[in-house]
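>>> Quick one, structure for this:
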Amino acid sequence: MSLGDTPVEDPTAAAGQNGTRPSVEEAVLGGLPVAVADLSRLVRIPSVSWAAFDPAHVAASAEAVAALFRETGVFDDVSIRRALMAGTDELGHPAVIATRAARNGRPTVLLYAHHDVQPPGDDAGWDSPPYEPTVRGDRLYGRGASDDKAGVLTHVAAIRALALATGGDFDLGLAVFIEGEEEHGSKSFSAFLEDNRDVLSADVIVVADSDNWDVDTPAVTVALRGNVAFRLTVRTLEHASHSGMYGGATPDAMLAAIRLLDSFWDENGAVAVEGLTSADLVIPDFSEDDLRRDAAFVAGVSAVGRGPVLSRLWAQPAITVTGIDAPTVENASNTLIPEVTVRVSARIAPGQSADDAYAALEAHIDRHRPFGAETRISDVDRGNPFLVDTSGWAIGELKAAMREAWGRDAMETGIGGSIPFIADLVRVFPSAQILVTGVEDPDTRAHSPNESQHLGVLKRSILTEALFLQRLDARG
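Take a look at the predicted model:
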């Protein structure tokens, strides 16, 4: 079933008998069909922020998101803004800001998500078109259906529910920041925060871009790995040469690149780069069988690394080669390749700075250049890891809301991925309590073909946030 143009019921249908206001819970349930339809409309916009894609789609997505927040009727101002990308005179992709001033001593909460998405990849890998929102079972499929347009709709729908339950008469301050380039490195994020520091200042920041333990168990992410990513070029020859004439004595770039890349790991697949560190975190039980299921191992394939599985995913470094520029198999001729370029993505354990990790990787590459090969590093992205301070009052309010919405206690989890801009939030708003939540689950397949959003998780995530906002509105 395809969604996006189907009429949906009015969320005000959730109102109680004789025109009484609904509870927050009733408002969320009554508004869910509208939220799903709005999410479907956003999924139809191919808002890929990568340089090779049409930026007009990201601009259209920003306009659609801004309209959703304006339609809530609760904000003093909703606008679309841009900032300069770091080290350039070019503007980044458009972001949406919405603000409502706090009253009567109530706190202000900043709600973050992003409306840009990853490229779709090969259409052949999708069971339905990536930008055609499609429901199969209890999931809505489409690029960005979860990461992170469901995060955007969680904010929209939670605010709608709070407004409906209170008649719009609440004192909580709200700031909304919906970024437009998170999937392309948040290159204007730091400047954007500086430019909009006053309107985005908040007591609590909710970053809705993470995952849950499973479809029935909520999670608060308390540890995030950092990242170091770069292009690595390996060069051994001035030009290609005949592999029969010179092979066996001449070091081609592919041989050198393979040898160099292999040095990143030991015989167990654990990272072997001197200077990359691990963190000491409390890790829940999670078996290798669970890993094989969630990561979709091919039969017979074994896990890599050492130690408890979740330590490997949350508290240890990881290195992945995410792309190789070299002749395709179809275009391969019998020549020695003079130059190979790869994209290296390293995840950094909490407790180590991205600068220190990059220095360790750079030194390792220099020490392990096979046959004296020339190496060049470029296009470097760095993001620091993050550990959430769990001593503040806000995380208690969030866990209470999760318990009420999900019917069970939340897990405190780490995440193997990175949200590097959180370090900028800490720097610009050092007194704010930062909470990392999300709408994903182990079967979401974010960034992959057949990305999907579990609709039950979406409902519970919206209800969690609506109850959380209600609890903050009750705080003096």
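
>>> Which phi and psi values does the residue nearest to residue 225 when sequence neighbours are not counted adopt?
Nearest non-adjacent residue to residue 225, counting by C-beta to C-beta, 6 or more residues apart in numbering: residue 347, 4.3 Å away. The way it works is simple: take the backbone N, C-alpha and C, and place the C-beta from them, glycine included. Recorded main-chain torsions at residue 347 are phi -100, psi 130, according to degrees, to the nearest 10.

>>> isn't residue 347 right up against residue 318?
Yes. Here residue 347 reaches residue 318: they are 4.4 Å apart, a contact under C-beta atoms under 8 Å.

>>> now the helices: where do they sit in the stretch 101-250 of the chain?
149-166, 189-195, 197-200, 243-246 (DSSP state H, counting those that start in this stretch).

>>> Let me have those in TSV, extended by distance to residue 373, mean neighbour count and mean pLDDT.
TSV is the format used below for these (distance: least, C-beta to C-beta, whole Å; neighbours: other C-beta atoms under 10 Å; pLDDT from 0 to 100):
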stretch	distance to residue 373	mean neighbour count	mean pLDDT
helix 149-166	43	27	98
helix 189-195	35	19	95
helix 197-200	46	14	96
helix 243-246	16	12	93
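
>>> Residue 357: which of those helices is closest?
Smallest distance to residue 357 across the helices of the stretch 101-250 of the chain (C-beta to C-beta): 19.2 Å, for helix 189-195.

>>> Not counting the closest one itself, show me its contacts.
Applying C-beta atoms under 8 Å, 6 or more residues apart in numbering, the external contacts of helix 189-195 come out as 81-86, 92, 95, 179, 181, 200, 421, 424-425, 428.

>>> out of the residues you listed, who has the most neighbours?
residue 95 (28 neighbours; other C-beta atoms under 10 Å).

>>> State the distance from that one to residue 222.
Distance, residue 95 to residue 222, by C-beta to C-beta, to the nearest Å: 26 Å.

>>> so what are the domain limits for this protein?
11-224+385-473, 226-279+316-383 (automatic domain parsing).

>>> hmm, back to that, which one's more surrounded, residue 347 and residue 318?
Higher neighbour count among residue 347 and residue 318: residue 347, with 26 against 22, using other C-beta under 10 Å.

>>> Show residues contacting the helix or strand hosting residue 405.
Applying DSSP states H and E as the criterion places residue 405 in helix 393-406. Residues from elsewhere that reach helix 393-406 (C-beta under 8 Å, 6+ apart): 203-204, 206, 216-218, 220, 388, 409-410, 433, 435, 437, 460-461, 463-465, 467-468, 471-472, 475.

>>> what does the average pLDDT come to for that helix?
Average pLDDT, helix 393-406: 97.

>>> swap in stretch 291-304?
Taken as a whole, stretch 291-304 carries a mean pLDDT of 94.

>>> same thing with stretch 468-476?
The model assigns stretch 468-476 a mean pLDDT of 93.

>>> what do you get for stretch 61-68?
98.

>>> And for stretch 93-107?
According to the model, stretch 93-107 has a mean pLDDT of 97.

>>> Can you point out the buried residues in it?
For stretch 93-107, a neighbour-count test (16 or more other C-beta atoms under 10 Å) marks 93-100, 102, 106-107 as buried.

>>> Start and end of it, how far apart?
Chord length of stretch 93-107, first to last residue, is 30 Å (C-alpha to C-alpha, to the nearest Å).

>>> Spatially central residue for the protein, please.
The residue lying closest to the centre of the chain (C-alpha atoms, centre = their mean) is residue 209, at 4.9 Å.

>>> Hmm, that one is touching residue 151, no?
Yes. Counting by C-beta under 8 Å, residue 209 touches residue 151, with 5.7 Å between them.

>>> residues shared between the contacts of those two?
Counting by C-beta under 8 Å, 6+ apart, the shared contacts of residue 209 and residue 151 are 113-114, 438.

>>> Tell me the one of the contacts of helix 189-195 nearest residue 135?
residue 179 (27.1 Å).

>>> Tell me how many other residues surround the residue lying closest to that closest one once chain neighbours are set aside.
Leaving aside its sequence neighbours, residue 179 sits nearest to residue 114 (C-beta to C-beta, 6+ apart; 4.2 Å). Residue 114 has 30 neighbours, counted by other C-beta under 10 Å.

>>> Could you check how far residue 114 is from residue 143?
13 Å.

>>> before we move on, the earlier item: overlap of the contact sets of residue 347 and residue 318?
Common neighbours of residue 347 and residue 318 (C-beta under 8 Å, 6+ apart) are 225, 416.

>>> Thank you, goodbye.
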